[in-house]
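Chemist: My questions concern the predicted model and sequence given below.
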There are 2 protein chains.
Amino acid sequence: MAKGTLSSSGSLSAKAPEERRERILRATVDVVRTRGFAGARVSDIAEAAGTSQGLVLYHFRSLAGALDAALTLLEDEFYEDLARDLQEQVGPVERLRHMADLGAGLGPAVGDWRLWLELWVRALHDPDARETRESLDRRWRAALRDVIAEGVASGEFAPIDADSSAIRLACLMDGLAIQLALEDPDMTTQRLADLWWESAVIELRMQP
Amino acid sequence: MAKGTLSSSGSLSAKAPEERRERILRATVDVVRTRGFAGARVSDIAEAAGTSQGLVLYHFRSLAGALDAALTLLEDEFYEDLARDLQEQVGPVERLRHMADLGAGLGPAVGDWRLWLELWVRALHDPDARETRESLDRRWRAALRDVIAEGVASGEFAPIDADSSAIRLACLMDGLAIQLALEDPDMTTQRLADLWWESAVIELRMQP
DNA sequence: AGACTATCTGAATGAGCGTTCAGTCCGAGC
DNA sequence: GCTCGGACTGAACGCTCATTCAGATAGTCT
């Protein structure tokens, strides 16, 4: 047997606790996704993670602690995914087109818009959530603004104000995404991507 | 004394119960506004209405019943306000401009966007709320589409597809409103109205 | 006046749920 | 081998909160 892991009798002693913690965190995200922040119970999380309620409270200090931890996990992953995804694209038009797909949920990042909705409402009453959501939005808008500014500089977009356009397009994405999250009969992922892209084309006066 | 009211000893007997009910309903809306759907307690409603908890449950069958009733009240008032408000304006440009103000909360109607956010999240998990929100959005979009179609017909707007434009502009309004509801530092009512109007001008290719 | 009903109250009930805790299990170091 | 401590469990505690209920009040009809 290889002695790769630290402890002799197996990977349980050193790895298991962290794995467990991770599982609980994932389970928390899942529960919030299906039940919402307001409906998330410790017992739900424990069940989804396949552990006892006690362990959830052992790793995180309270239910609120688990929810907060899940939130920061989401935030970190969102940013990493976004940065990595955008770097893979070349040129502002490509990048912008890709952002349309990301927002629509066609890409791997961004995740579930229902979670965003939940976060927003939590932000109405919880300062921590407010912080998280502001940070997330800032990053998303900044990414958008940078791409737009890049296109303006390269002449592919009209010389508009990148900030105004970014905020408008970001907000439009939010608004479209709401319909998607709520399963509005008039909205699909494809339609979201298309509508948003059309608006971007008009807003930035792109040439076909 | 005038004998205008039905009962002899005063207006209490015939009017008071309905007034009380109304007060409770208003109180429910207020509580949802401040505490959110998830945070609304029977005791909060009773206190805000100046009555006992028992009465809340007497008039509506349960907490959920009170919340539902408050929701339908909102829906009805929204529609009435919107219809009346738009009738007062003449011409599509005027009407559209007015809708920008309404959405921004500058007008009397529409009410508080925080309530809309709450409704959306409730709609994620509650079928009744989903129904209500879909109905509300349909009406709002229909109003928007009608105004746009009117402008297209009169030549004041470019001959675009009224449906697509309506959905885009409606969603943009939602997205902008979220930032407002969440008190995003980059958003004010005025900025919301301006940003939306700019987008409408671009989208519909209005002439200045 | 007396009975009946709608309205209203405040206390009691009981379920649901977060948190605590006493104790088990097991690897690690002496 | 023995102890120590982190990981973990499941039962128990206590609190919050929706709902129930027994009764008070007052208006209405006979």
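Modeler: Nice, thanks for sending it over. Numbering: from 1, shown residues only, chains lettered A, B, ... in the order given.
Chemist: CA atoms for contacts and neighbours, from now on please.
Modeler: Will do.
Chemist: Helices of chain A, start to end?
Modeler: A:12-35, A:42-49, A:53-59, A:63-87, A:92-104, A:113-125, A:127-154, A:162-181, A:189-204 (DSSP state H).
Chemist: Tell me which of those is the most buried.
Modeler: helix A:162-181 (a mean of 23; mean count of other CA atoms under 10 Å in any protein chain shown).
Chemist: could the helices of chain A go into TSV alongside mean pLDDT and distance to residue B:196?
Modeler: Shown next, in TSV, are those (pLDDT from 0 to 100; distance: least, CA to CA, whole Å):
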stretch	mean pLDDT	distance to residue B:196
helix A:12-35	86	31
helix A:42-49	98	41
helix A:53-59	97	45
helix A:63-87	92	27
helix A:92-104	93	20
helix A:113-125	94	21
helix A:127-154	95	17
helix A:162-181	96	8
helix A:189-204	94	12
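Chemist: what are the phi and psi values for residue A:157?
Modeler: phi -110, psi 160 (degrees, to the nearest 10).
Chemist: picking that back up, so for chain B, which of the helices of chain A sits nearest?
Modeler: Chain B sits nearest to helix A:162-181 of all these, at 4.0 Å, using CA to the nearest CA.
Chemist: what does that closest one rub up against?
Modeler: Here helix A:162-181 makes contact (CA atoms under 8 Å, 6 or more residues apart in numbering or on different chains) with A:103-104, A:112-114, A:117, A:140-142, A:144-146, A:148-149, A:152, A:186-189, A:192, A:196, A:199-200, A:203-204, B:124, B:168, B:170-176, B:179, B:195-196, B:199.
Chemist: hmm, back to that, the helices of chain A into TSV, with extra columns for distance to residue B:49?
Modeler: Shown next, in TSV, are the helices of chain A (distance: least, CA to CA, whole Å):
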stretch	distance to residue B:49
helix A:12-35	30
helix A:42-49	33
helix A:53-59	38
helix A:63-87	31
helix A:92-104	43
helix A:113-125	22
helix A:127-154	28
helix A:162-181	33
helix A:189-204	43
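Chemist: which residues does residue A:100 contact?
Modeler: Contacts of residue A:100 by CA under 8 Å, 6+ apart are A:193, A:194, A:196, A:197.
Chemist: let's go with 10 Å and repeat that
Modeler: When contacts are counted by CA atoms under 10 Å, 6 or more residues apart in numbering or on different chains, residue A:100 touches A:106, A:107, A:173, A:189, A:190, A:192, A:193, A:194, A:195, A:196, A:197, A:200.
Chemist: What of residue A:125?
Modeler: B:34, B:35, B:36, B:39, B:182 are the contacts of residue A:125 under CA under 10 Å, 6+ apart.
Chemist: of all these, which two lie farthest apart?
Modeler: Within those, B:39 and B:182 form the most distant pair, 17.2 Å apart (CA to CA).
Chemist: Which residue of those two possesses the greater neighbour count?
Modeler: residue B:182 (20 against 14; other CA atoms under 10 Å in any protein chain shown).
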